[in-house]
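>>> Okay, sequence plus prediction incoming.
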Amino acid sequence: MQEDELEYQKIERYFRGEMTEEEHAAFEDAMEKDPDLKERVTIHSTIDALEDEEKWMTFEGAPELLKKEADLFRSEDTLQFSEKLKAFRNQTSVSETTSKSPWFNKSLWGAIAAILIIAIFVFYPKDPNLNTLFEEYHNWEDLPSLVTKGGDPNDPARLESLFRSKDYEGVIASSESLEIAVEGSYAQALLYVGAAHIELGNYRQALATFDRLINSNSLDAHKGYWYKALTYLKQENKEQCLEVLDIIAAEPTYFMHEDAKQLLKELR
Amino acid sequence: MHKEDPFIKGFLGGEPDILRKIYSQSFPTVRGYIMSRNGSKAEAEDIFHNALVTLYVKLKNDELQIQSFESYLFTMCRNMWRRERSKNRVTNLDTIPLVDESVDMAKFSIEQSQWDLYQEKFKELSENCRKLLGMTFKKIAYKEIVTFFNYASETVARQRVFKCKSRLLQLIKRDPRYLRLKT
């Protein structure tokens, strides 16, 4: 085996944490004494981090380059450009100014946003198309079929049969007596509870139920986004609906990804 | 796209029409990406703002040639978010030093240039190497890699990965930009 291949194996073991304490110390010592080795180790780790969502390579050294680059960010024209962006953002998205950035006068914008929100509710005509779109896009047949757990008093499948028989009040009452733990088919049962709330017009509770699913560790957590978007659609709350749909559209693996993209097109 | 392109010119000049187009076309995707990873809307807005400023500096100073403004901007936002997250993971809140924001943005800008270089060199590898390394990036088990490429054993697969990485390492080190970014 070639020497460089042996070195590569060492680098791999170093990053996988497979070295003994002595080996680890010796390897770090070797890197300290041999800058070329350190450089190769850095490049290897950077290559591994290229597409890794959990990692990012940090920049070390080269103070001259860093100073030069920082000067570009401090230059007058860059600062002016940044100010232009801030001004543009303030003008165009008043209702969305939730940034922690210091250039916002929060109380002033807060007051303006509050007036605008009231104005929107009072004067803004609701878009009649949204309800039609809800009818077109919602399909309770898409709700996952729950596996029945015979003899389990907390059997989540009970909710499904109540829902299918349109006993929405029954679904909610049962969900309260069933201690729905947010895991496995219990997590999926939350979709029936949320859908029952939509059918009964309890949108706030529907949103809270879907949020519970989204914030869970369930593998099905992402499904909550689609039903949350449907709730906003039913409420004719276009802005919030678009926001949730954008989340689904950015993730190809999320439930109803293609439908979300299509719906976004129709809404924009 | 270069500095004389009308869209880039408008962006560098901070023209409201161009900014409106950028915000309406790109911000929703960035916000969707960040919020689906437990980020807030305010964080998405800050990332988007900082990415636009970084892009301004890079384009203005001829550091960059891009094919598509929209996709490059998204890549930058994604990388900036990865960076923020990895910073938060390793930094204890009590020990965060007060860093000059321009220095931090300059650091990111250099890191982004390094990332661009690595990506460019990665594309120069053979298709086989790209596929093989792509699978290791996704942390696919060597057992599966052996089956996929029909290798004789895991040892063979590891040797191939080593060869591909060494080739990439050579390509990166040979590029004059590598030295420039290092010193």
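Right, received. Where do you want to start?

>>> element containing B:His106, please.
In this structure residue B:106 is Ala, not His. Following DSSP states H and E, the helix or strand that holds B:Ala106 is helix B:101-123.

>>> check contacts around residue 142.
In the absence of a named chain, this looks at chain A. A:Met256 (Cβ atoms under 8 Å, 6 or more residues apart in numbering or on different chains). Every C-beta, even on glycine, is put in place using the N, C-alpha and C of the backbone.

>>> try again with chain B
Counting by Cβ under 8 Å, 6+ apart, B:Tyr142 makes contact with B:Glu154, B:Ala157, B:Arg158.

>>> number of nearby residues for A:Met31?
By other Cβ atoms under 10 Å in any protein chain shown, 18 other residues sit near A:Met31.

>>> excluding its backbone neighbours, what's nearest it?
Taking Cβ to Cβ, 6 or more residues apart in numbering or on different chains as the measure, A:Met31 lies nearest to A:Lys38, with 4.3 Å between them; neighbours along the chain are not counted.

>>> CA-only coordinates of the host helix or strand of that neighbour in PDB, if you can.
Using DSSP H and E, A:Lys38 sits in helix A:35-49. Extracted C-alpha coordinates of helix A:35-49, given in PDB (Å, rounded to 0.1, in the frame of the first residue of the first chain):
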ATOM      1  CA  PRO A  35       2.100  22.300   7.500                       C
ATOM      2  CA  ASP A  36       1.700  20.400   4.300                       C
ATOM      3  CA  LEU A  37       0.100  17.500   6.100                       C
ATOM      4  CA  LYS A  38      -2.200  20.000   7.900                       C
ATOM      5  CA  GLU A  39      -3.200  21.500   4.600                       C
ATOM      6  CA  ARG A  40      -4.000  18.100   3.100                       C
ATOM      7  CA  VAL A  41      -6.100  17.300   6.100                       C
ATOM      8  CA  THR A  42      -8.000  20.600   5.800                       C
ATOM      9  CA  ILE A  43      -8.700  20.000   2.100                       C
ATOM     10  CA  HIS A  44     -10.000  16.500   2.800                       C
ATOM     11  CA  SER A  45     -12.300  17.800   5.500                       C
ATOM     12  CA  THR A  46     -13.500  20.600   3.300                       C
ATOM     13  CA  ILE A  47     -14.200  18.200   0.400                       C
ATOM     14  CA  ASP A  48     -16.300  16.100   2.800                       C
ATOM     15  CA  ALA A  49     -18.200  19.200   4.000                       C
END
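
>>> buried residues in that helix?
A:Leu37, A:Arg40, A:Val41, A:Ile43, A:His44, A:Thr46, A:Ile47, A:Asp48, A:Ala49 (16 or more other Cβ atoms under 10 Å in any protein chain shown).

>>> try stretch B:58-66
Going by neighbour count (16+ other Cβ under 10 Å), the buried part of stretch B:58-66 is B:Lys58, B:Leu59, B:Lys60, B:Leu64, B:Ile66.

>>> Whichever strand or helix holds B:His49 packs against which elements?
Assessed by DSSP H and E, B:His49 sits inside helix B:41-60. Of the remaining helices and strands, those touching helix B:41-60 by 3 or more Cβ pairs under 8 Å, 6 or more residues apart in numbering or on different chains; DSSP states H and E are helix A:63-74, helix A:76-92, helix B:6-12, helix B:16-35, helix B:69-90, helix B:101-123.

>>> if we go to 6 Å?
Helix B:41-60 sits against helix A:76-92, helix B:16-35, helix B:69-90, with contacts defined as 3 or more Cβ pairs under 6 Å, 6 or more residues apart in numbering or on different chains; DSSP states H and E.

>>> Same list, the ones you listed, but as TSV with mean neighbour count please.
Written out in TSV, the entries for the helices and strands packed on helix B:41-60 read as follows (neighbours: other Cβ atoms under 10 Å in any protein chain shown):
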stretch	mean neighbour count
helix A:76-92	15
helix B:16-35	18
helix B:69-90	18
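
>>> quick revisit: which strands and helices lie in contact with the helix holding B:Ala106?
Counting contacts by 3+ Cβ pairs under 6 Å, 6+ apart, helix B:101-123 packs against helix A:63-74, helix B:176-182.

>>> among these, which is nearest A:Glu239?
helix A:63-74 (33.4 Å; Cβ to Cβ).

>>> Which positions in that closest one come out as buried?
Residues A:Leu65, A:Leu66, A:Glu69, A:Ala70, A:Leu72, A:Phe73 are the ones in helix A:63-74 that count as buried (16+ other Cβ under 10 Å).

>>> and chain B, which of these reach it?
Filtering the buried residues of helix A:63-74 for proximity to chain B by Cβ under 6 Å from any Cβ of the partner chain leaves A:Leu66, A:Glu69, A:Ala70, A:Leu72, A:Phe73.

>>> Is it possible to get TSV of those that adds pLDDT?
Conversion of these to TSV gives the following (pLDDT from 0 to 100):
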residue	pLDDT
A:Leu66	89
A:Glu69	91
A:Ala70	92
A:Leu72	94
A:Phe73	94
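
>>> The buried residues of helix A:35-49: which ones sit near chain B?
When Cβ under 6 Å from any Cβ is taken as the criterion, the members of those that contact chain B are A:Ile43, A:Ile47.

>>> mean pLDDT lowest for which of the helices and strands packed on helix B:101-123?
Lowest mean pLDDT within the helices and strands packed on helix B:101-123: helix B:176-182, a mean of 84.

>>> What helices and strands are in contact with it?
For helix B:176-182, the packing partners by 3+ Cβ pairs under 6 Å, 6+ apart come out as helix B:101-123.

>>> Please consider this matter closed, and thank you.
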